[in-house]
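**Q** My questions are about this predicted structure, shown below with the sequence.
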Amino acid sequence: MGIDMDQFFKNSLVLLLFVMLSSTVMAQKFTTHAVKEGETLESISKQYKVTPYSILSYNKEIKQGEAIRPNTVLVIPLGAKVSVISVDPKVENNQTLFEKKEPVQEEPIGFTNHKVRKRETLYGISQRYHISEDEIKKYNSELYSSQLKKGMKLRIPKFRRVKPEENPINEDDYEIYTVAPKETRWSIAHKYGITIDSMLVLNPGLSKVTNYLAQGQELRMPKPPGSTLKGQETQLYQSYTVPAKMNFYRLEKQFNVKSDEIVRLNPEIAERGGLKEGMVIRIPVIRVDPGEVNTDNFIFYEVKPKQTEFSLTRKLGITYKELLDLNPDLREGLKAGMVLKLPKNQTGNFEVRNSLVLDKINLLDSINPINRPKLVFLFPFRLDRLDLKNKESVMENIEDRNSLKYSLGLYSGALIAIDSIAKLGISVDVKTYDNQLDLSRTKKILSDENLANVSAIVGPLDLPSLKEVAVRAAQYEVPVIAPIPAKSDLSLGNVFFSYTSEDVLRDRMLSYVEEKLTDENIIIIADEKSQATKALILEKFPKAKILEVKEEEKNIGINRDKLATLLSEDVENWVFVETGNFKLIASIVSILNAFKASLLNPETSTQKIDVRMFTTNKNSAFDNDIISSTHLSNLHFTYPSVYREAENSGFIKAYSKRFGDEPDRYAVRGFDLTYDLLLKLAYKNNLMDVSKIIGETEYAGNKFSYEKDMSSGYFNQASYIMTIDSLRVVQALK
């Protein structure tokens, strides 16, 4: 049964009808057009019988009112509605007129009445009547302030439809491009000088959910006018105002262009008897061969609307001249949607994911109070097995049953997150269910719940129920958050695996050691079950030494004398310990600490051996009580982790005030996961879309950075490197 949320909230929560948007571009046909000298946006729109606005919407690299550069390749939508714009022959090229007039909005010829049925969405209604959602809202203004409800009566506008003329795509305008290794959508868009939007239009089969491209995948791309990418590229020019006392020798040195070429391109120089101060001349741009344009050599940035040269260079940490050298097309002006390449090691006010530069977005400053998320929590509280009248019995159950401990911890933290988001002005509708670790119970809950209205589902904890929830929720494109480690053999495209995987943690640990390594002596100690990990460490550090583990029927351990021959007195020894056996760990820690003590107390030994201990997988065996915390601290034990100790934050104070106790790590995780989820939904009520543009986020004790897997869901890539120092667990220095 659902848990009554009125226990936890004084204010009523508002229901949000969750409408998932999907693209209609699949049904649209397109062609391309190479702009000729003297052509304008209006003349091109008349030629293809489309509106200038339609061309602008598919070509973000051009702006309304600006002259279009010759040889620009435009994507032209065929069959779009035509708007009539009067042309004044007295206005040169009609540019002034175009700047002053917007495309004429088509008026409806009548209306149809529609009564909203149960579970209908605005998107579904728009598809039924072949109009846009905005057109429905325009003639039903109440939809701007309230949600679609059953029984609501709508006025559906009817438009005069003009049958488009047959204008088949001319395949001669395109070429098939085969994706090479380490190429991305952005690197290919940069090569062709088009936007990602244009690429998606020309290749409607490309996924709208993930940015994945497969090696060998074929794409339809526009041919550069008169050439291909493998041939000669179109020459670019820049305008240059001649300063006082300029001569041809200085011009040649400055632009690396011969004087006779400058005169040929600028006949007015000969006509006026040489270079004159104030003269505006054309200078050819010399292209520098950038080498292979792929993720090995560059990162890529997609220019946002309204960005200026100043804001762009400040964000990217690079001068505009450096940007021009890498991206000559910038000489024609900064345009939204254009893809810029940057040096691989470039740093600035941004994050990089899969070689794509992401803007850092402050979610707290980006909240939209119109968004009102609806969450469903599915946790195994097992209230059917608790005697709530017997406090001692309940406490014993919590200690004995991990599922209940996890559920109460996660949920109590989530409640503080919901309180916190409410203080920011965001209303949240919450339903919580006890699925009792029972698949049949989970199915019953799902059949009774209208998932079409849900923004996200958190839980459940058991894998069979998680699969069932994911499959049901996928029908409505609802994301499902797995709050604890979860492995699945099922492709769950809508699941957010919030717990960073062991493989990612291992890679992060090895990368950290590689970054810090100078001349240290690496030793690997791995038991039989950890041979695969040993192989990965050796692959990363081929010079590492191996100490074999003795594994007998009842005993397991290492040879101390053999270890002594592998340790170095000249450099620090970094020892990887890879096992899930607490007895082996205890033995190794004790032996390593004895060697370390020689350095700490030089009077007791002539040896001076410095040792530091690592692992790529800190499993529960490392937490066994027989392993000395003091010894681990002496060895500066370092490991990867999905969480860190929560700082003395506002969350801890709020939790203690509400529940009268300090939060455990599950409560911290419940808060961080839910707060992150709600902030993202408050920014844009579509978690899949937000995950494409939001980089790493961090809260009280957890980090999140979701990346979409091609064949499965979204996986958290964030982690910490922790070390034990002075008996305290702290983040390792970067």
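**A** Perfect, I can see it now.

**Q** how about the strands in the stretch 301-450 of the chain?
**A** Listed in chain order, the strands of the stretch 301-450 of the chain (DSSP state E, counting those that start in this stretch) span 339-343, 350-353, 356-359, 374-379, 429-434.

**Q** top helix in this structure by residue count?
**A** helix 402-423 (DSSP state H).

**Q** Which strand residues bridge Leu78?
**A** Lys29 (DSSP bridges).

**Q** my read: it touches Thr31, true?
**A** Yes. Judged on C-beta atoms under 8 Å, Leu78 makes contact with Thr31 at a distance of 6.1 Å. For every residue, glycine as well, the C-beta is placed using N, CA and C.

**Q** got the CA positions of the longest helix of the chain in CSV?
**A** Output of helix 402-423 as CSV, limited to C-alpha atoms (Å, rounded to 0.1, in the frame of the first residue of the first chain):
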residue,chain,number,x,y,z
ASN,A,402,19.9,-5.0,5.2
SER,A,403,17.0,-4.3,2.8
LEU,A,404,15.2,-2.5,5.6
LYS,A,405,18.3,-0.7,6.8
TYR,A,406,19.0,0.5,3.2
SER,A,407,15.4,1.5,2.6
LEU,A,408,15.0,3.5,5.8
GLY,A,409,18.4,5.2,5.3
LEU,A,410,17.7,6.1,1.6
TYR,A,411,14.2,7.2,2.3
SER,A,412,15.0,9.3,5.3
GLY,A,413,17.7,11.1,3.3
ALA,A,414,15.2,11.6,0.4
LEU,A,415,12.7,13.3,2.7
ILE,A,416,15.3,15.9,3.7
ALA,A,417,16.0,16.5,0.0
ILE,A,418,12.3,16.9,-0.7
ASP,A,419,12.1,19.5,2.2
SER,A,420,15.1,21.3,0.8
ILE,A,421,13.8,21.5,-2.7
ALA,A,422,10.4,22.8,-1.4
LYS,A,423,12.3,25.7,0.3
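
**Q** Would you mind listing the buried residues in that helix?
**A** 403-404, 406-422 (16 or more other C-beta atoms under 10 Å).

**Q** domain parsing for the protein?
**A** When the chain is parsed with automatic domain parsing, its domains come out as 110-158, 241-284, 298-360, 371-500+646-724, 503-641.

**Q** so which of those domains comes closest to Ser187?
**A** Ser187 lies closest, by C-beta to C-beta, to one member of those: domain 298-360, at 6.0 Å.

**Q** Ends of the closest one, what's the gap?
**A** 19 Å (C-alpha to C-alpha, to the nearest Å).

**Q** before we move on, what about stretch 187-202?
**A** Note: stretch 187-202 ends 16 Å apart using C-alpha to C-alpha.

**Q** Other residues contacting that stretch?
**A** Residues outside stretch 187-202 that contact it (C-beta atoms under 8 Å, 6 or more residues apart in numbering): 25, 28, 30, 32, 58-61, 73, 75, 77, 174, 177, 179, 185-186, 206, 208, 213, 219-222, 224, 229, 293-295, 298, 300, 302, 327, 329, 337-341, 355.

**Q** residue ranges with poor pLDDT in the stretch 351-500 of the chain?
**A** 383-400, 488-491 (pLDDT under 70).

**Q** can you give me the offset of the longest helix of the chain from its chain's centre?
**A** 25 Å (C-alpha atoms, centre = their mean, to the nearest Å).

**Q** other SSEs contacting that helix?
**A** Judged by 3 or more C-beta pairs under 8 Å, 6 or more residues apart in numbering; DSSP states H and E, the packing partners of helix 402-423 are strand 374-379, helix 391-400, helix 650-659, helix 665-683.

**Q** run the last query once more with 6 Å
**A** Where contact means 3 or more C-beta pairs under 6 Å, 6 or more residues apart in numbering; DSSP states H and E, helix 402-423 is packed against helix 665-683.

**Q** got the CA positions of the following helix or strand past the helix it packs on in PDB?
**A** Downstream of helix 665-683, the next assigned helix or strand under DSSP states H and E is helix 687-693. What follows is helix 687-693, C-alpha atoms only, in PDB (Å, rounded to 0.1, in the frame of the first residue of the first chain):
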ATOM      1  CA  LEU A 687      16.000  13.600 -17.000                       C
ATOM      2  CA  MET A 688      17.200  12.100 -20.300                       C
ATOM      3  CA  ASP A 689      17.600  15.500 -21.900                       C
ATOM      4  CA  VAL A 690      19.200  17.000 -18.800                       C
ATOM      5  CA  SER A 691      21.800  14.200 -18.700                       C
ATOM      6  CA  LYS A 692      23.200  15.300 -22.100                       C
ATOM      7  CA  ILE A 693      24.100  18.800 -21.000                       C
END
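
**Q** Buried residues, helix 687-693. List them.
**A** For helix 687-693, using 16+ other C-beta under 10 Å, the buried residues are 687-692.

**Q** got a list of contacts for the longest helix of the chain?
**A** Helix 402-423 is contacted by residues 8, 379-382, 398, 428, 483, 654-655, 664, 666-667, 670-671, 674-675, 678 when judged by C-beta atoms under 6 Å, 6 or more residues apart in numbering.

**Q** on that earlier part again, do you know which of the strands of the stretch 301-450 of the chain lies nearest Pro243?
**A** It's strand 339-343; of the strands of the stretch 301-450 of the chain, that one is closest to Pro243 (C-beta to C-beta) at 29.1 Å.

**Q** Would you indicate which residues of that closest one are buried?
**A** Per 16+ other C-beta under 10 Å, strand 339-343 contains these buried residues: 339-342.

**Q** and if you look at stretch 326-337?
**A** 326-330, 332, 334-337.

**Q** What is the nearest of the buried residues of strand 339-343 to Gly124?
**A** Val339 (34.6 Å).

**Q** Show me which of the contacts of stretch 187-202 are buried.
**A** For those, buried by 16+ other C-beta under 10 Å: 30, 32, 58-61, 73, 75, 77, 174, 177, 179, 185-186, 206, 213, 219-222, 224, 293-295, 298, 300, 302, 327, 329, 337-341, 355.

**Q** Among those, name the ones in helices.
**A** Those of those lying in helices (DSSP H): 58, 185-186.

**Q** can you put these in CSV and add distance to Lys36?
**A** Shown next, in CSV, are those (distance: C-beta to C-beta, whole Å):
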residue, distance to Lys36
Tyr58, 19
Arg185, 29
Trp186, 29
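
**Q** Now tell me which helix or strand of the protein has the poorest mean pLDDT.
**A** helix 95-100 (a mean of 36; mean pLDDT, DSSP states H and E).

**Q** wait, Val35 sits on Ile68?
**A** Yes. The criterion here is C-beta atoms under 6 Å, and Val35 meets it with Ile68 at 4.9 Å.

**Q** Before I go, just wanted to say thanks for your time.
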